[in-house]
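[1] fold the following, please.
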Amino acid sequence: MRLLSLLTLFAAAPLFAADAPKMNVLFIVSDDLCNVIGCYGDPRVKTPNIDKLAQRGVKFDKAYCQYPLCNPSRSSFLTGLRPDTLKIYENATQIRKTMPDVQTLPQTFRKAGYTAVRVGKLYHYGVPGQIGTDGLDDPASWDKVVNPKGRDKDDEEKIFSLNPKGKGAGRFGGTLSWLAADGTDAEQTDGKIAAEVVKLLAADKDKPFFLACGFFRPHTPYVAPKKYFEMYPTTGDSLPMVPDGHRAAGPAPAFASSKPEQDRMTDEQRKLARQAYFASVSFMDAQLGKVLDELDRQKLTDSTVVVFTSDHGYHLGEHGLWQKRSLFENSCRVPLVIADPRGKAPGKSCGKPVELVDLHATLADLCGLSAPKTDGASLKPLLDDPDAKWDKPALTQVLHGGGKNAQVMGRSARTKTHRYTEWGDGGAKGVQLFEYATDPKEEKNLSADPKYAAVVKELKTALRK
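    Numbers count the residues shown, from 1 in each chain. Okay, here's the model as predicted:
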């Protein structure tokens, strides 16, 4: 976007009334990011900028997506509606096809006189195929959009893939693939996204904005400059241990996200894949740092609510799984930091289960805006007091099957202490219950243990609601 064009947009906009809200919003989304982050307690992965942001705001230790796949999740948190409300369960359906009149999160801000601008991936894009395009974007959500494209698109033929003969997403975006890239951060798509956001932050400091920044990394292909790979020697990595018979003992749909080429990886390939993922996380974090530094430089920090999150979690070998689309903790849990400069609990952590579907109501509440009815709830009470009463479980679902196999919907409820999951009709072999105090790796299914009958009943009721 040209700087002159944005200035013209701001100058011409008639919606900025004298009593318009003063708080801006900087809404930052990373793609396919699990909690391998320093401030979340991971000793390996270096994320100094996410860590710094967490010191400014509240870090939610138990935040969960509503569907562990890009399009359903993004459609959900950008509207505040659950996948079952939207009827979106895959990566092909744009939100207006199922709900033509839905009011999205950025539309709520536009209606209140804000200028809403998107840079990079907010709604779903096929990665890497649709980088540089609008993907499944929603034009009604934005005043302006910017679609950067970097050398990672030009270097695709250099990328290693576990499925080199695959077509499109089957070669790169849908399977494990990676590249230790030549060149600089600024040449990569995420580097260009950061540069565009920096320009926008410098363009005008007087009008309220909802600025959405969507980074593509660490989504596969894991592409980052070589210096980030050098931060993570494979000799220092320990692969997750999977107990013998673990997958065979669980409901088959619980492991349906597994892919043949990923099951056949050698231990060395597994370590290389994890190295590349960690490198991509640190590369993305460095781009985030450029954005946050510009926010400070422009003296916008005290007038801007900053949100950082991801569309879903990610497996790096846990349960023998890779990527997303499971209802285990690694796939459902997301990083979430909300930094409100007026906040009462900077640097604090919240251990209550919250949902991405809560973001629409939360940001409207923080900025004093009127919002449509959503399926979420405002997190403002927890931002004021992270220990405040909060009894709402976090709900996540995913659909597996197709072709010759019947489709099976899995639905999961996460409380502070347990996860309860039903596959299909919740028959005897389709239920899981995990207790995290005694089993943080989700290896012992307690659903048939009479001692946990009351917990099963409570969470079954939560799912039915």
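[2] which one's the longest helix in the protein?
    Scanning the chain for the longest helix, with DSSP state H as the assignment, gives helix 267-297.
[3] work out the gap between the helix or strand following it and the centre of the chain.
    Where DSSP states H and E defines the elements, the next helix or strand beyond helix 267-297 is strand 304-310. Averaging C-alpha positions (CA atoms, centre = their mean, to the nearest Å) puts strand 304-310 11 Å from its chain's average.
[4] what do you get for stretch 349-366?
    14 Å.
[5] can you give me the end-to-end distance of that stretch?
    End-to-end span of stretch 349-366 (CA to CA, to the nearest Å): 18 Å.
[6] mean confidence for that stretch?
    In this model, stretch 349-366 carries a mean pLDDT of 98.
[7] in contact with residue 185, which residues?
    When contacts are counted by CB atoms under 8 Å, 6 or more residues apart in numbering, residue 185 touches 191, 225, 283, 286-287. Yep, even glycine has a C-beta here, placed from its N, CA and C like the rest.
[8] apologies, that question was intended for residue 75.
    81, 83, 86, 88, 93, 95, 123-124.
[9] hmm, try it at 6 Å
    Going by CB atoms under 6 Å, 6 or more residues apart in numbering, residue 75 touches 86, 88, 95.
[10] the second one belongs to a strand?
    Put plainly, it is residue 88. No. Looking at residue 88 with DSSP: H, G, I helix; E, B strand; the rest coil, it is coil, so not inside a strand.
[11] mind checking how far it is from residue 169?
    18 Å (CB to CB, to the nearest Å).
[12] more neighbours, those two?
    For the pair residue 88 and residue 169, the greater number of neighbours falls to residue 88 (28 against 16), based on other CB atoms under 10 Å.
[13] correct me, but that one touches residue 72?
    Yes. Counting by CB atoms under 6 Å, residue 88 does reach residue 72; the two are 5.0 Å apart.
[14] show me the helices in the stretch 301-450 of the chain, by range?
    With DSSP state H, counting those that start in this stretch, the ranges of helices along the stretch 301-450 of the chain come out as 329-332, 359-366, 380-384.
[15] quick one: closest of the ones you listed to residue 279.
    Closest of the helices of the stretch 301-450 of the chain to residue 279 is helix 329-332, at 19.0 Å (criterion: CB to CB).
[16] what sits up against the closest one?
    Residues outside helix 329-332 that contact it (CB under 6 Å, 6+ apart): 34, 64, 68, 313, 315, 318, 324, 396.
[17] neighbour-wise, which of those leads?
    Comparing the contacts of helix 329-332 by number of neighbours (other CB under 10 Å), residue 68 comes first, having 31 neighbours.
[18] hmm, residue 314 and that one touching each other?
    No. The criterion here is CB under 6 Å, and residue 68 misses it with residue 314 at 8.7 Å.
[19] so what sits against both of the two?
    Common neighbours of residue 68 and residue 314, using CB under 6 Å, 6+ apart, are residue 324.
[20] quick check: mean pLDDT of stretch 422-434?
    What stretch 422-434 shows for mean pLDDT is 87.
[21] now the end-to-end length of that stretch.
    12 Å.
[22] now do the buried residues in it.
    For stretch 422-434, burial by neighbour count (16 or more other CB atoms under 10 Å) applies to 422-424, 426, 430-434.
[23] adding distance to residue 413, write these out as CSV.
    CSV is the format used below for those (distance: CB to CB, whole Å):
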residue, distance to residue 413
422, 9
423, 13
424, 16
426, 12
430, 15
431, 12
432, 11
433, 10
434, 11
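[24] pass me the low-pLDDT residue ranges in this structure, would you?
    Along the chain, the model assigns pLDDT under 70 to residues 1-21, 205-206, 402-405, 428.
[25] if we go to 50?
    Along the chain, the model assigns pLDDT under 50 to residues 1-21.
[26] for the contacts of residue 75, give me JSON lines that also has distance to residue 293.
    Converted to JSON lines, those look like this (distance: CB to CB, whole Å):
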{"residue": "86", "distance to residue 293": "36"}
{"residue": "88", "distance to residue 293": "36"}
{"residue": "95", "distance to residue 293": "33"}
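[27] I'd like the next helix or strand past the helix or strand hosting residue 152.
    Element membership of residue 152 [criterion: DSSP H and E] is helix 151-154. Counting by DSSP H and E, the element after helix 151-154 in chain order, helix or strand, is strand 160-161.
[28] hmm, who's touching the helix or strand following that next one?
    Proceeding N to C from strand 160-161, the next assigned helix or strand is strand 177-181, under DSSP H and E. Residues outside strand 177-181 that contact it (CB under 6 Å, 6+ apart) are 158-161, 220-223, 225-226, 229, 276.
[29] closest one to residue 53 among the helices of the stretch 301-450 of the chain?
    Closest of those to residue 53 is helix 380-384, at 14.1 Å (criterion: CB to CB).
[30] show me what counts as buried in that closest one.
    380, 382-383.
[31] packing partners of it?
    Helices and strands touching helix 380-384, by 3 or more CB pairs under 6 Å, 6 or more residues apart in numbering; DSSP states H and E: there are none.
[32] same thing but 10 Å
    When contacts are defined as 3 or more CB pairs under 10 Å, 6 or more residues apart in numbering; DSSP states H and E, helix 380-384 sits against strand 58-64, strand 333-339, helix 359-366.
[33] mind putting these in TSV, distance to residue 38 included?
    Shown next, in TSV, are the helices and strands packed on helix 380-384 (distance: least, CB to CB, whole Å):
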stretch	distance to residue 38
strand 58-64	11
strand 333-339	11
helix 359-366	23
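[34] out of those, the one nearest residue 452 is which?
    Ranking the helices and strands packed on helix 380-384 by their distance to residue 452 (criterion: CB to CB) puts strand 58-64 first, at 19.8 Å.
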